[in-house]
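>>> here is the input, now give the coordinates:
(one chain, ligands or ions: 2)
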Amino acid sequence: MPSQPKGITVQFLLDCDPGHDDMLTIFLAAKHLDVVGITTVSGNQSLEKTTRNARRSVELAGLTHIPIAKGLPRPLVNEVRYAPEIHGQSGLDGVALPEPTVELSPLHAVDFIIEASHTYDELVLVPAGPLTNIAAALIKDPTLVERVKEISLMGGSMTYGGSTAAAEFNIYVDPEAADVVFRSGLPIKMFGLNVTRMASATVERLDRIRDIGTPFARTVADLVEFYRASLHNVYGLDGASIHDPLAVAVYIRPELFTMQAMNVQIELNGTHTRGMTVCDYRYVGREGKGIYGESGIIRGAEANAEVAVDMDVDGFFDLLTDTLALY
Ligand code: BDR
Ligand code: CA
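Residues are numbered from 1 along each chain as shown. Ligands and ions are numbered 1, 2, ... in the order given. Model prediction:
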């Protein structure tokens, strides 16, 4: 299976709020990439629950060598918001996983991120939840931008929202944090709902995972089946959107994705649009430079992100299924 080319050492830190698709991100990344840590954040459920789920995930997969650091319990400004209607009361409903015993890192997630940036030369941050921890790390240590290679995140959308008509959950929960990250100057890859909804785990695709036949694969399929049924009930979707894993899959199989450079700003006010990722793709494909019309009005602002616009869905599910078969 394709993996990092030999000789290239890039390290990955997963910042997440497990969450069914966050769990899959851990499993996908750990078999192909050098994962140096998992940091947890409040999002799909409370910080206590997402941290417990990160610990349960690494125990389920035999990945307890990956350190887990607990992060911030609420967004920078907003009140907390969770997603029990999607991921259940535990944040990882569907199978009663055992109570985890693996210890947490003594470091707070924000310090873990900063410390990792000193330890590793080529550190990629992969946020798969609200951007609270990442923003707090950037605020606590502004020199972080000089040491992080890039950010590859699941969040936002070029088109429709999920939590509101305009806003996707991870950005909607903590728009101020997202604003800090998108204005940081760090290179950003963005996987928003416009592409992650394509990655739809239908009953047939889940059956392929179940048919791997191992206890691990059956447990994963049962967990994701809960999530699929939730998304069907809430949004009427046919399959479970496997959002978060796309942000790591791009490093394993880059050819699966079509990315476009564009300017992305976070709407912080907006009567109906708070938390929207305003994607300026009027002039995409023209080197991502700002373009000014004669009137002085910007006709295409300078790109600050590479946004996923299309993907090879079957290729992605082959990768995911083949990877889960390795456990
Ligand atoms: C995002 O929200 C969460 O429910 C998922 O884990 C994903 O990160 C999708 O909007
Ligand atoms: Ca998530």
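>>> check whether stretch 238-258 comes into contact with ligand 1.
Yes. Looking at stretch 238-258 against ligand 1 by C-beta under 6 Å from any ligand atom, the contacts come from 243, 244. For the C-beta atoms, the positions are set from N, CA and C on the backbone; glycine is no exception.
>>> please, where are all the helices along the stretch 1-150 of the chain?
20-32, 47-61, 84-87, 109-119, 132-140, 144-147 (DSSP state H, counting those that start in this stretch).
>>> just checking, what packs against the fourth one?
Going back to what we said before, that points to helix 109-119. strand 11-16, strand 34-40, strand 68-70, strand 123-127, helix 132-140, helix 144-147 (3 or more C-beta pairs under 8 Å, 6 or more residues apart in numbering; DSSP states H and E).
>>> repeat for the last one
Counting contacts by 3+ C-beta pairs under 8 Å, 6+ apart, the secondary-structure elements packed against helix 144-147 are helix 109-119, helix 132-140.
>>> residue 21: which of those is closest?
helix 132-140 (17.9 Å; C-beta to C-beta).
>>> partner residues bridging residue 34?
Beta-bridge partners for residue 34, by DSSP bridges, are residue 11.
>>> so the residue of the stretch 201-327 of the chain found nearest ligand 2: helix, strand or coil?
Across the stretch 201-327 of the chain, no residue is closer to ligand 2 than residue 244, which sits at 4.8 Å (C-beta to the ion). Classification of residue 244 using DSSP: H, G, I helix; E, B strand; the rest coil returns coil.
>>> how near is it to residue 215?
24 Å (C-beta to C-beta, to the nearest Å).
>>> of these two, who's got more company?
residue 244 (33 against 9; other C-beta atoms under 10 Å).
>>> what's the neighbour count on the residue lying closest to that one once chain neighbours are set aside?
Distances taken as C-beta to C-beta, 6 or more residues apart in numbering put residue 128 closest to residue 244, at 3.7 Å, once the chain neighbours are dropped. Per other C-beta under 10 Å, the neighbour tally for residue 128 reads 31.
>>> where does the stretch 101-250 of the chain dip in pLDDT?
Scanning the stretch 101-250 of the chain for pLDDT under 70 picks out nothing.
>>> tell me which of the helices and strands packed on helix 144-147 is the most buried.
helix 132-140 (a mean of 24; mean count of other C-beta atoms under 10 Å).
>>> before we move on, the earlier item: now the helices and strands packed on helix 144-147 as TSV including distance to ligand 2?
Compiled in TSV, the helices and strands packed on helix 144-147 are given as follows (distance: least, C-beta to the ion, whole Å):
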stretch	distance to ligand 2
helix 109-119	15
helix 132-140	12
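>>> between those, which gets nearest to ligand 1?
helix 132-140 (13.1 Å; C-beta to the nearest ligand atom).
>>> quick check: angle from the closest one to strand 34-40?
Between helix 132-140 and strand 34-40, the angle comes out at 100 degrees (axes from the mean of the first three to the mean of the last three C-alpha atoms, to 10 degrees).
>>> other residues contacting helix 132-140?
15, 39, 41-42, 71-72, 74-76, 109-110, 113-114, 125, 127, 144-145, 151, 174, 176-178, 180-181, 184 (C-beta atoms under 8 Å, 6 or more residues apart in numbering).
>>> repeat the analysis, applying 7 Å as the threshold.
15, 39, 41-42, 71-72, 75-76, 109-110, 113-114, 125, 127, 144-145, 174, 177, 180-181, 184 (C-beta atoms under 7 Å, 6 or more residues apart in numbering).
>>> say whether ligand 1 is contacted by the strand or helix carrying residue 178.
Using DSSP states H and E, the element containing residue 178 is helix 175-182. No. Figure legend: helix 175-182 not in contact with ligand 1 (C-beta under 6 Å from any ligand atom); closest approach 12.5 Å.
>>> check which helices and strands that helix sits against.
Helix 175-182 sits against helix 132-140, strand 257-266, with contacts defined as 3 or more C-beta pairs under 7 Å, 6 or more residues apart in numbering; DSSP states H and E.
>>> good, wrapping up.
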